[in-house]
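> need the 3D shape of this:
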Amino acid sequence: MSDADARTPAQIEADIKLRREQLAETLDEIGVRVHPKTIVGDAKAKVAASVDNTLGRAYVGANRFVSDVRGQLVSPDGQPRLERILPVALVVVGLVGLVAVGSRRRKG
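Numbering: from 1, shown residues only. This is a model prediction of the structure:
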């Protein structure tokens with residue numbers, strides 16, 4: 001006789017009860033996973049993680065850009081490099097002036 005034949009009815013009933021409990025747990029897990037609130041929550045979490053990642057990369061890029069610009073406009077000892085700042089300032093003032101003139105022409 002094999003081991004399966006040697007089991008008592010009580011053992012078989014205990015196995016069936018255990019399997020039912022395991023199946024109920026599995027069905028509960030599936031129910032939670034496919035529930036609309038769970039799906040929406042998971043989607044929100046993925047979007048938030050993606051946004052955090054994108055914002056983090058943007059911050060690093062902006063920080064690197066600011067550091068590079070600062071390196072160009074300030075000497076290593078912390079003194080401003082006027083020979084580089086003045087041309088940049090003149091270009092910025094010129095662009096602001098062009099934008100101001102252009103917006104006045106559209107209004108009038």
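> give me the mean pLDDT for the helix or strand harbouring Glu83.
For Glu83, the host element (DSSP states H and E) is helix 82-107. Mean per-residue pLDDT for helix 82-107: 89.
> show me what it is packed against.
helix 36-73 (3 or more CB pairs under 8 Å, 6 or more residues apart in numbering; DSSP states H and E). Every residue, glycine included, has its C-beta placed from N, CA and C.
> what angle do the helix it packs on and helix 82-107 make?
For helix 36-73 against helix 82-107, the angle by axes from the mean of the first three to the mean of the last three CA atoms, to 10 degrees is 120 degrees.
> how far does the helix holding Glu83 sit from its chain's centre?
Taking the mean of its C-alpha atoms, helix 82-107 sits 37 Å from the chain's own mean (CA atoms, centre = their mean, to the nearest Å).
> and if you look at stretch 10-20?
47 Å.
> give me the mean pLDDT for that stretch.
Mean per-residue pLDDT for stretch 10-20: 96.
> contacts for it?
Arg7 (CB atoms under 8 Å, 6 or more residues apart in numbering).
> pLDDT value on the nearest residue to Arg84 once chain neighbours are set aside, please?
Excluding its sequence neighbours, the residue lying closest to Arg84 (CB to CB, 6 or more residues apart in numbering) is Leu73, at 5.5 Å. The model reports Leu73 with a pLDDT of 89.
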